[in-house]
Each structure stands twice: as structure tokens, then as C-alpha cells.
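Asker: Based on what follows, work out the 3D shape:
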Amino acid sequence: MAKKIATLLAVCVLSMGLTATPASASEHSLETETMDTGRCMLYLENLGRYVIGTKVRQACRLSATNPGQCASSLQAIGVQRAHARRACGLL
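Answerer: Okay, the predicted model is just below:
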């Protein structure tokens with residue numbers, strides 16, 4: 001479990017580092033988006049009921065900018081409504 005968390009955090013950090021943006025509000029929003037994406041995926045993984053793959057990652061990326069669409073996307077791939085809403089920050 002600790003290895004999965006470390007891997008997830010490493011992916012988040014690497015995705016932040018690969019984007020070259022000036023130190024500004026856009027940098028802060030990218031950092032926030034990455035953190036929200038990581039929390040979304042970690043929440044679902046910790047439930048032990050979902051496989052964290054490409055579709056989950058794509059949906060979770062919406063959690064910072066469009067949590068309603070994030071939840072809808074997760075539900076469309078089989079995540080229970082309450083889990084999707086919590087993962088996307090709606091609860």
C-alpha cells in the first residue's frame with residue numbers, strides 16, 4: 001500500500017515538473033489540479049474496489065476544474081455515485 005501511495009505521489013510530482021510555466025497563478029492552479037487528481041485517485045484506490053487506469057486518471061484530472069464532470073465520468077465507468085462524488089470533492 002505504501003508503495004502504491006509513493007508511486008501515485010511520484011506520478012503527480014513528475015507531471016507537475018514536466019510542464020514549464022512561469023511562476024504565476026497558472027503554476028498554482030496546475031499544482032492544485034495535480035493535488036486534486038492525486039487525491040481523487042488515491043481515494044478510489046484506498047476503497048479497494050476500483051482499478052486505477054487511464055479512464056480513472058482522465059476523470060480525476062477534472063476534479064479541480066469541473067468536479068461535476070469528474071463525478072459523471074467516474075460513474076460512467078462503473079464507480080458508485082457516492083464514491084465518485086467524494087473522490088471529485090463534491091461531498
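Asker: so where's this structure uncertain?
Answerer: 1-29 (pLDDT under 70).
Asker: ranges for the helices of it?
Answerer: With DSSP state H, the ranges of helices along the chain come out as 2-17, 25-47, 54-60, 67-76, 81-87.
Asker: Could you list the residues in contact with the last one?
Answerer: With CB atoms under 8 Å, 6 or more residues apart in numbering as the test, helix 81-87 has contacts from 39-41, 43-44, 47, 49-50, 60, 63, 70-72, 74-75, 79, 91. C-betas here are computed from N, CA, C, even on glycine.
Asker: Quick check: buried residues in that helix?
Answerer: By neighbour count with 16 or more other CB atoms under 10 Å, helix 81-87 contains the buried residues 83, 84, 85, 86, 87.
Asker: same check, this time on the third one
Answerer: With burial defined by 16+ other CB under 10 Å, the residues of helix 54-60 counted as buried are 56, 59, 60.
Asker: which residues sit in contact with the first one?
Answerer: It refers to residue 56. Contacts for residue 56 (CB under 8 Å, 6+ apart) come out as 41, 44, 50, 74, 77, 79.
Asker: neighbours around the fourth one, how many?
Answerer: Here the count is done by other CB atoms under 10 Å, and residue 74 has 27 residues near it.
Asker: Check the gap between the closest residue to it other than its chain neighbours and residue 56 for me.
Answerer: Spatial nearest neighbour of residue 74, excluding adjacent residues (CB to CB, 6 or more residues apart in numbering): residue 84 at 3.8 Å. With the distance defined as CB to CB, to the nearest Å, residue 84 ends up 10 Å from residue 56.
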